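*Asks:* Sharing a sequence plus its predicted fold:
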Amino acid sequence: MQNTARLYTLGFIMFINALAYGIIVPLLYPYAQRFGLNPFGLSLLFTSFSIAQFIATPILGRISDRYGRKPVLLFCLLGTSISLAVFAAAQSITLIFIARFVDGITGGNNSVAQAMVADDVEPKDRAKAFGILGASFGFGFLMGPALGGIMGQYGLSAPFWLASGLALTGTIVGSFVLKETLKPAERQLVKKEPLINFRAMIEAVVSPVTGLVLMVSFISAISLNAFIFGFQTFSNDVLKMSTTQVGLLLAMFGLVSIVMQMVGLRIILAKISSKKKIITLSFLASAVLMITTSFSRTPLSYTILLFLFAMLSAPQNPVITGILSERTRSEDQGGLLGINQSFISLGQIIGPVTAGFAASAISIPMAFVVAGLLYGVGVVISLGLYRPIKAKVNI
């Protein structure tokens with residue numbers, strides 16, 4: 001970046017954002033049970049967030065193209081703080097659903113932060129920068145559940161108040177420290193265009209320049225979330241692992257992913273210059289490992305396979321985002337990265353549902369088979385990325 005400190009400041013804000021989110025994960029279900037929500041009701045609570053995010057992120061991204069990244073990022077962080085405070089103070093099911101929906105609507109933090117990186121980083125270096133951003137988010141999410149568990153000793157609402165305070169802290173720090181990255185001239189170009197150009201958005205999806213990248217990102221999100229569902233059910237119901245063991249395994253997975261995005265990705269990019277080849281190989285390795293995991297029946301073999309999966313799947317998100325950013329005009333980064341985040345949100349809905357159906361209809365290990373087959377589809381789709389592109393997409 002032109003200013004390396006800016007990247008790490010942005011990473012710190014994303015760390016706070018992820019920490020706030022991670023804190024509530026282990027307590028969301030027991031807190032919701034106070035209002036009579038069953039597991040199906042909890043799934044609806046999660047879905048309400050993802051649906052709101054799916055709708056809002058392209059709009060927020062486009063607004064950031066028009067009015068600047070910093071105000072939109074601060075708006076998203078403040079929205080998270082307010083929604084968590086409402087959730088903590090809620091006295092009815094209606095309020096907790098409203099709180100999650102509001103959090104989803106203001107959930108454009110990641111895509112706007114990615115756009116800020118894209119504004120300030122040369123195309124060839126963006127994958128590395130996105131890796132640092134992803135690692136910052138991952139580290140916050142890794143620490144969050146442990147902190148949430150500790151705070152839960154002081155009452156079920158305490159972690160939500162803490163998370164709200166952290167998000168507010170991120171808002172305050174960002175308002176003083178962050179500088180706007182989008183040049184005024186680029187904002188003027190976008191102001192001449194409609195805020196929401198549905199035709200252009202459809203063209204971005206069907207375009208051979210960006211459409212395939214968005215589809216690869218979508219498949220990656222579905223596959224990963226199918227795996228996450230499989231991990232939860234397989235660990236508890238098949239291997240009968242304790243809560244402590246599951247927590248340690250999840251921490252190991254997160255730590256490996258962070259190290260790979262911070263350090264491993266740089267080594268990979270030095271050895272394999274083609275980002276498209278990295279995606280294809282990562283998808284292929286993930287497919288093989290997921291299907292192999294479905295046959296695991298001991299904690300040791302399961303841990304080894306998950307370690308390998310965490311290591312080899314980690315490059316996918318930053319590299320895909322890097323490719324997408326390279327194929328987009330500088331003044332359209334927020335809009336297209338917002339569209340990408342919408343596809344990721346949609347994957348967060350489809351992945352668990354698909355894996356859950358397979359696990360219920362056939363067997364729990366089939367959730368991993370579904371994830372593996374989806375990664376296999378990703379391998380085939382990624383081959384289309386090797387076709388030369390003629391121009392960057394306009395949205």
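*Replies:* Cool, got the structure. Treat the numbers as computed from the prediction; the structure is a model and nothing was measured.
*Asks:* Can you check the pLDDT for Lys191?
*Replies:* Lys191 is assigned 55 on the pLDDT scale.
*Asks:* host element of Met116?
*Replies:* helix 109-120 (DSSP states H and E).
*Asks:* ok, then the element right after that helix?
*Replies:* Toward the C-terminus from helix 109-120 - assigned by DSSP H and E - lies helix 126-151.
*Asks:* Which parts of the next helix or strand along the chain from that next one count as buried, going by neighbours?
*Replies:* Beyond helix 126-151 on the C-terminal side, the first helix or strand identified by DSSP H and E is helix 158-177. The neighbour-count check on helix 158-177 (16 or more other C-beta atoms under 10 Å) flags 158-164, 166-171, 173-174 as buried. Where C-beta positions appear, they are placed from N, C-alpha and C, glycine not excepted.
*Asks:* Sketch out the low-pLDDT regions of the stretch 51-200 of the chain for me.
*Replies:* 141, 145, 185-200 (pLDDT under 70).
*Asks:* ok, back up a step: so what does the helix holding Met116 touch, helix or strand wise?
*Replies:* helix 4-24, helix 39-67, helix 69-89, helix 126-151, helix 316-326, helix 333-361 (3 or more C-beta pairs under 8 Å, 6 or more residues apart in numbering; DSSP states H and E).
*Asks:* Off-centre distance for the fourth one?
*Replies:* From the chain centre to the centre of helix 126-151 is a distance of 11 Å (C-alpha atoms, centre = their mean, to the nearest Å).
*Asks:* which non-adjacent residue is nearest the spatially most central residue of the chain?
*Replies:* In the chain, the centroid-proximal residue (C-alpha atoms, centre = their mean) is Ile344; its distance is 6.8 Å. The shortest distance from Ile344 to any residue other than its chain neighbours is 4.3 Å, reached at Ala221 (C-beta to C-beta, 6 or more residues apart in numbering).
*Asks:* doesn't the one you found fall inside a helix?
*Replies:* Yes. Counting by DSSP: H, G, I helix; E, B strand; the rest coil, one finds Ala221 located in a helix.
*Asks:* What's the local residue count around it?
*Replies:* 25 (other C-beta atoms under 10 Å).
*Asks:* Please look at it and Gln341 and confirm they touch.
*Replies:* No. Ala221 is beyond contact range of Gln341, at 9.6 Å (criterion: C-beta atoms under 8 Å).
*Asks:* coming back round to it: which of the helices and strands packed on helix 109-120 sits closest to Ser257?
*Replies:* In terms of C-beta to C-beta, the element of these nearest to Ser257 is helix 126-151, at 5.5 Å.
*Asks:* Which elements pack onto that closest one?
*Replies:* By 3+ C-beta pairs under 8 Å, 6+ apart, helix 126-151 packs against helix 4-24, helix 109-120, helix 158-177, helix 243-259, helix 265-271, helix 316-326.
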